[in-house]
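> model this:
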Amino acid sequence: MLKNVYENRELSWLKFNERVLQESRDENVPLLERLIFVSIFQTNLDEFFMVRVGSLFDQVLLDDKQSENKTNMTAKEQLNAIFERVKQLEPVKDRAYKLIMKKLKLHGIEHVDINQISDIEEKFLENYFVKEVMPLLSPLIIDKRHPMPFLKNKDIYAVVHLESKSSVKLGILPVTDNLKRIIKLSNDSLKFVLIEELILKYANKVFKNYKVLDKFLMRITRNADISEEDDSLLDSEFDFRDMMEELVKKRKKLSPIRLQIYGDCINQISINHLSKKLELAENQIFKTEIPLDVSYVFAFKENELYSHLCFNKLVSQKTTSIREDESIINQVKKKDILLHYPYETIKHFLKFLDEVSNDKNVISVKITLYRLARNSQIIQSLINMAENGINVLVLVELRARFDEENNINWSKRLQKAGCNILYGPIGLKVHSKLLLVTRKVNDEVEYITQVGTGNYNEKTSELYTDLSLLTANKKIAMEAAEVFNALSIEQLVENSSHLLVAPKSLQNKIINFIDDEIEAVKQGIPAYIGIKINSLSDKIIIDKLIEASQAGVKINLIIRGICCIISKVPEFTENITVTSIVGRFLEHSRIYIFGKDERTKIFISSADFMTRNTVRRVEVAVPVYDEDIKARLLDIFNTMLNDNVKARVQYSDGSYRRKYNKKAKLDSQVYFYKQAYEKAKEIPKINMKNEVLTTEKDYAVNEFYKVFLKQ
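Now for the predicted structure:
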């Protein structure tokens, strides 16, 4: 197999984050939204370093000679390539920020250089520092007599190099969360400096008996690659929830893996001393010319004065698949229902849960939970069910990265309310989005199963694209019940006829479906594979896709992020196209399509084609049997394939370029919202818990055109 058909996972992810950064430079995107894309780029990179780079450092310590299975790069080679690429992207990010700020100045938003302020502004800031800031600071010294203090992950610190005869002496000022980040210099406009810049400017007032040689702002990123199988805890007396609480605490103290520096007057001596104390190599130090954290922009979005600099507000619409004059339970019994977020509102699903909680025929509810909103209505519905006498079983995944504390708290609350709590099998995260409702009506047992690609989170349902299927299909329900029964006794589903259930019965089924298309080509039957996922890195599936391409199967891949296959390579992947869509909403839905015409099989799933999903997690894919829904999913998939606004196409050299053609402009996300608004006029106004989502007949469509004719 030629090496050039594979892409390294980590370098592919950096290409995805580069596409995020491209949105900050797109002049068709409103200015504050462009600034938000800079912030997203930073946040993405933070998590990438904490998780992926942290994991690679661990690999170097364990076995430096072991290489990954696609490009054969060792962990050290990957780290060097990552650091080199990130240092190439940082200046691009800096230029984007500066250009955006230059344009924002014309709209009254100005991030002022604190070293170029007027005398009046300087007097105000100095007074503000002395009276409001300085009393809250906790200065620290680092020298031979004072050890290196513990620096919190992602916190910002002002560092001052102080004159000393005997050794390097550094003063450190933590930028406390108790202080306002944005300090306005004018009442008439948003002219501002940031709190860390103020602290740095007047740091000499804190260290007033020292001569300051130089000063800068810094931020460290710590390894966050913790494991619930940590040897130090496996033999402990903690139960699993207590163990996870200990691991979350441990994460906060893991080793630094990146040092970021921001400032004008930087002496290499102080940086060298600091990096030595932190045990960081030179290639782990990253200098930036913009703030270390641009998340302050979200505060601007909340200000109505600047709404014209943001995306126009869109409201998730009611679906034509659900009528308001009949219970959702009865409607699902008659016909499967598909919801498409954020274009259609999650309130339909919440209303369904409310119906379930008040339905005297419901005897049990089982659900898997991975990530939840901070004020989760879904949790409240489950609590209501338990309090109404329904047997509620909830699998709460305590290992959902960076949501561990949130999920630990929810599990305690659910347990206190009377729900039965599961944590899933040892060593396997449960990532599936699965709900099973069991009812008993006149001695007959009925089921409703819900399977989603995401979203039991009301907040992210407005930001992520996801699909949710509700079905009364008894065969699907029986297999969903098998999934829950297996999880309850710490076992795994070995095989299934309808659902695809990882880790035992998903990857092998996908391989079989691909083999079916290879065989179809041999028999002269039209063959096709269409996959929409977030990431592709499973080498077994990749190699089978390459084999299918070589056999002549047409393959369309829509992959938002990591893609470890390179398309259009002659003799290997020339029948494969790879499209990545990065836009206003985070593409999160997964669709699998195999075959054409009457042979077409379609699934929606929570699983990407990554080894962690296909063989190291519990995932569920559900087949779509309803012909109307199948047609709708095909339309969704093909619309995204034809996107020529936010789509990037992968080329045979592994690069991604925007898709340009002479066809009418098609932004698939805009199209789906337009479609949702237009369909919403077809049914009467909707009222859920006294909240009106739409009013008169043509309101939805008129509002849509008001929004998008502006853009």
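> Tell me where the model's unsure across the protein.
1-3, 226-238, 250-253, 265, 682-711 (pLDDT under 70).
> Pick out the residue nearest the middle of it.
Leu586 (7.5 Å; CA atoms, centre = their mean).
> From Lys169, how far out is the residue nearest to it when sequence neighbours are not counted?
Leaving aside its chain neighbours, Leu586 sits nearest to Tyr464 (4.7 Å; criterion: CB to CB, 6 or more residues apart in numbering). (C-beta placed from N, C-alpha, C; glycine too.) Here Tyr464 is placed at a distance of 49 Å from Lys169 (CB to CB, to the nearest Å).
> Ile346 contacts Gly454, doesn't it?
No: with contact defined as CB atoms under 8 Å, Ile346 does not reach Gly454; the gap is 10.3 Å.
> what residues do these two have in common as contacts?
Taking CB atoms under 8 Å, 6 or more residues apart in numbering as the contact rule, Ile346 and Gly454 both touch Ser461.
> list the contacts for the residue nearest to the centre of the chain?
Leu586 sits next to 463-465, 560 when contact means CB under 8 Å, 6+ apart.
> picking that back up, which of Tyr464 and Lys169 has more neighbours?
Taking neighbours as other CB atoms under 10 Å, Tyr464 and Lys169 compare with Lys169 leading, 22 against 18.
> tell me the phi and psi of that one?
phi -120, psi 130 (degrees, to the nearest 10).
> ok, what's across the strand from it?
Using DSSP bridges, the bridge partners assigned to Lys169 are Leu162.
> Ok, Leu393 next?
With DSSP bridges as the rule, Leu393 is bridged to Lys366, Asn420.
> Touching, it and Lys366? I think so.
Yes: here Leu393 reaches Lys366: they are 4.4 Å apart, a contact under CB under 8 Å.
> what is in contact with those two at once?
Phe484.
> Which one of those two is surrounded by more residues?
More crowded of Leu393 and Lys366, by other CB under 10 Å: Lys366, with 24 against 18.
> Could you measure from that one over to Ile285?
50 Å.
> Kindly report the same for Val160.
Val160 sits 18 Å away from Ile285, going by CB to CB.
> now do Tyr262
12 Å.
> Quick one: the helices in the stretch 551-700 of the chain, in order.
Counting by DSSP state H, counting those that start in this stretch, one finds helices in the stretch 551-700 of the chain at the ranges 611-614, 627-641, 668-680, 699-708.
> actually the stretch 301-450 of the chain, sorry about that
Along the stretch 301-450 of the chain, counting by DSSP H, counting those that start in this stretch, helices occupy 328-334, 347-357, 377-387, 404-417.
> Output the ones you listed in JSON lines; the columns should cover mean neighbour count and distance to Asn69.
Formatted as JSON lines, those follow (neighbours: other CB atoms under 10 Å; distance: least, CB to CB, whole Å):
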{"stretch": "helix 328-334", "mean neighbour count": "16", "distance to Asn69": "43"}
{"stretch": "helix 347-357", "mean neighbour count": "21", "distance to Asn69": "39"}
{"stretch": "helix 377-387", "mean neighbour count": "20", "distance to Asn69": "38"}
{"stretch": "helix 404-417", "mean neighbour count": "17", "distance to Asn69": "29"}
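> that older thread, of the contacts of Leu586, buried ones?
464-465, 560 (16 or more other CB atoms under 10 Å).
> what's near enough to touch Pro570?
Ser652 are the contacts of Pro570 under CB under 8 Å, 6+ apart.
> Val160 and Ile285 - which one has more neighbours?
More neighbours surround Val160 than the other of Val160 and Ile285, with 23 against 19 (other CB under 10 Å).
> and the gap between the more buried one and Gln260?
Going from Val160 to Gln260 by CB to CB gives 17 Å.
> So the residue nearest to Leu586 sits against Arg590, correct?
No: under the criterion of CB under 8 Å, Tyr464 is not in contact with Arg590, lying 11.8 Å apart.
> gap between the nearest residue to Lys646 once chain neighbours are set aside and Glu282?
Leaving aside its sequence neighbours, Lys646 sits nearest to Gly583 (CB to CB, 6+ apart; 3.8 Å). Gly583 is 37 Å from Glu282, where distance means CB to CB.
> ok, those two, which is more surrounded?
Gly583 (19 against 9).
> The more buried one: what's it in contact with?
23, 645-646, 667-669.
> can I get the residues you listed in a markdown table with neighbour count and distance to Gly389?
Shown next, in a markdown table, are those (neighbours: other CB atoms under 10 Å; distance: CB to CB, whole Å):
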| residue | neighbour count | distance to Gly389 |
| --- | --- | --- |
| Glu23 | 21 | 50 |
| Val645 | 18 | 52 |
| Lys646 | 25 | 48 |
| Asp667 | 20 | 48 |
| Ser668 | 25 | 45 |
| Gln669 | 21 | 43 |
